[in-house]
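Enquirer: I need the structure of the sequence given here:
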Amino acid sequence: MSGKYRWLKIVGNLILITLCLIIVNGFFRENLRLLEERNLWQEKTMKLEEAVQELKTANEALTATRPDGVIIREFQAETVVFLPNGAQQLTYELTATVENTLAQPVPNTSGLLLFHLRAPGGNQLRTTSRVVEIPALEPGEVKTLAFSGRISAQQRETLLVVFSLDQQPGIAKEVILLSGLAANKFNTQNSAEENGGTRP
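Expert: Residues are numbered from 1 along each chain as shown. All right, here's what the predicted structure looks like:
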């Protein structure tokens, strides 16, 4: 009987060692997967930052070749909300502070909001646009405008919002990582890039 128990003990130890090896192997595989995913996100973030920098450089060059007009002094996303019904709908509230730098009035015009969405690991942008009204501005007048609406979006996407003014030098952007959002309110920090003006 003692020999039988000894073999049972050996078999039990082998089973325990095998289970430990399986658990350790699974842990390292999961850790490797998370590391690869983190590296992928870092690579995509770097590419997005490069694209934003190129856009900023192009905007600065555009401003240098255009006369003064209505500029965007500040642009930011005040709140971004995923609706809780699971319909992959995102509501937004944006504000823009515009200024007429001309010595003459500027009649009411329009602006364009571009919402560029990129999925994790994707190389293509999904774009939605909105036309907004810009009121008339007196010489030197500064106004803060508010825009709100809803777009289709998915969590973990990266959202780049670009705001430009029709036939005016003003253009700005805001980048939002939707991976950090849930079905509640999210207050973003102001990361707008201005063209033709500085933040107050």
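Enquirer: quick check: A172 touching L160?
Expert: No - with contact defined as CB atoms under 8 Å, A172 and L160 do not form a contacting pair (11.5 Å). In this view, the C-beta of every residue, glycine as well, is placed from N, C-alpha and C.
Enquirer: and these two? Which one has more around it.
Expert: Regarding A172 and L160, a neighbour count based on other CB atoms under 10 Å identifies A172 as having more, with 26 against 19.
Enquirer: which element is that one on?
Expert: If you go by DSSP states H and E, A172 is part of strand 171-177.
Enquirer: then E50?
Expert: Following DSSP H and E, the helix or strand that holds E50 is helix 2-65.
Enquirer: I'd like the distance between T127 and L117.
Expert: Separation of T127 from L117 (CB to CB, to the nearest Å) stands at 7 Å.
Enquirer: which non-adjacent residue is nearest the most centrally placed residue in the chain?
Expert: Nearest to the centroid of the C-alpha atoms of the chain, with distances taken as CA atoms, centre = their mean, sits I176, at 2.3 Å. Across the structure, with CB to CB, 6 or more residues apart in numbering as the measure, the residue nearest I176 apart from its sequence neighbours is L159 (4.4 Å).
Enquirer: hang on, that neighbour in a strand?
Expert: Yes - in this structure, L159 lies within a strand as judged by DSSP: H, G, I helix; E, B strand; the rest coil.
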